[in-house]
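Asker: fold the following, please.
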Amino acid sequence: MHRLFIETELESGLSHRCSRDHANYLANVLRLGRGGEILVFNGRDGEWRAEIAEAGRGSCMLRVAEQVRPQAGGPDMLFLFAPLKRARLDFLVQKATEMGVASVQPVVTRRTNVARVNAARMRANVIEAAEQCGVLRVPEVKEPQKLDKVLGGWDPVRRLIYCDEAAEISSPIDALSRIAPGPLAILIGPEGGFEPEERATLRGKEFVTPISLGPRVMRGDTAAVAALALVNAVLGDWR
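Answerer: Numbers count the residues shown, from 1 in each chain. Below you'll find the predicted structure:
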């Protein structure tokens, strides 16, 4: 069955009046009418089977029937990144959602060349990726912050892993294997790289670990997928 994200609390017998957009999607895209079934989730209460109880012109009422999957979490992993341009930013947050991160946050660095970030668009992409890929945890979309502010308010209990082509350990797997299990975050810098002062600041923090992504230069969205896959495999829930 198709899946639909809704904000409503979910429990057996609950009725939910769909938004106009959702009603249009169910009726005109999925061609579902009264009695049709769909899976719904809200990122908190697991996944539920719901039936279309009422369907009319531009309106739809769902009745929640039964839970089919309990809520699942994921790795305690935050994802921070220098913003990219529109289509590649869409790709970035979609893939981070599929990889199971808990939150996504744009970080403004000195070489960041994207002036504005559309948080509502990021949220829409996070939800779409979760709907399409069976993900139950919907990452929180955080507001952009400057790098120095992020580092200044950092909880040192959480290890921050950032990609650095000049990392002393050439193998990212070796570097990650030296990190004790616990809360994590991944930082992907701008495509021009961090300024030397920024790199020095990062390396001066005890909670920071630089990792290399190998001998090839990657675009920001490619580097993000590579880093998330490596961290999940060594320290996340792929083990």
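Asker: and Gly189, what does it touch?
Answerer: Counting by CB atoms under 8 Å, 6 or more residues apart in numbering, Gly189 touches 82, 109, 111, 162-163, 198, 220. (Glycine included, C-beta is placed from N, CA and C.)
Asker: just those residues: which are in helices?
Answerer: If you go by DSSP state H, those have 198, 220 in helices.
Asker: next, the residue most central in space within the chain: phi, psi?
Answerer: Centroid-nearest residue in the chain: Thr97, 3.3 Å away (criterion: CA atoms, centre = their mean). The phi and psi values for Thr97, taken as degrees, to the nearest 10, are phi -60, psi -50.
Asker: disregarding flanking residues, what is the spatial nearest neighbour of it?
Answerer: Spatial nearest neighbour of Thr97, chain neighbours left out: Ala129 (4.0 Å); criterion: CB to CB, 6 or more residues apart in numbering.
Asker: which stretches in the chain count as strands?
Answerer: Using DSSP state E, the strands found in the chain span residues 3-5, 15-17, 37-41, 47-56, 59-69, 77-81, 103-108, 140-141, 145-146, 159-163, 184-188, 208-211.
Asker: want to throw the ones you listed into TSV with mean pLDDT, distance to Leu30 and mean neighbour count?
Answerer: Listed next are the strands of the chain as TSV, based on pLDDT from 0 to 100; distance: least, CB to CB, whole Å; neighbours: other CB atoms under 10 Å:
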stretch	mean pLDDT	distance to Leu30	mean neighbour count
strand 3-5	96	9	17
strand 15-17	94	16	15
strand 37-41	97	7	20
strand 47-56	93	10	17
strand 59-69	95	11	17
strand 77-81	97	31	24
strand 103-108	96	28	20
strand 140-141	97	26	17
strand 145-146	95	39	14
strand 159-163	96	40	22
strand 184-188	97	35	25
strand 208-211	96	43	20
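Asker: correct me, but Ser212 touches Asp174?
Answerer: No: the criterion here is CB atoms under 8 Å, and Ser212 misses it with Asp174 at 9.7 Å.
Asker: between the two, who's got more neighbours?
Answerer: The neighbour count for Ser212 versus Asp174, taken as other CB atoms under 10 Å, is higher for Ser212 (17 against 12).
Asker: contacting residues for the residue lying closest to the more buried one once chain neighbours are set aside?
Answerer: Take Ser212 and drop its neighbours on the chain: the residue closest to it by CB to CB, 6+ apart is Ala167, 4.2 Å away. Each residue near Ala167 by CB under 8 Å, 6+ apart is listed here: 175, 210-212.
Asker: would CSV of the strands of the chain with distance to Ala229 be doable?
Answerer: Output for the strands of the chain, formatted as CSV (distance: least, CB to CB, whole Å):
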stretch, distance to Ala229
strand 3-5, 24
strand 15-17, 36
strand 37-41, 25
strand 47-56, 25
strand 59-69, 24
strand 77-81, 12
strand 103-108, 16
strand 140-141, 21
strand 145-146, 25
strand 159-163, 12
strand 184-188, 11
strand 208-211, 12
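Asker: cheers, nothing more for now.
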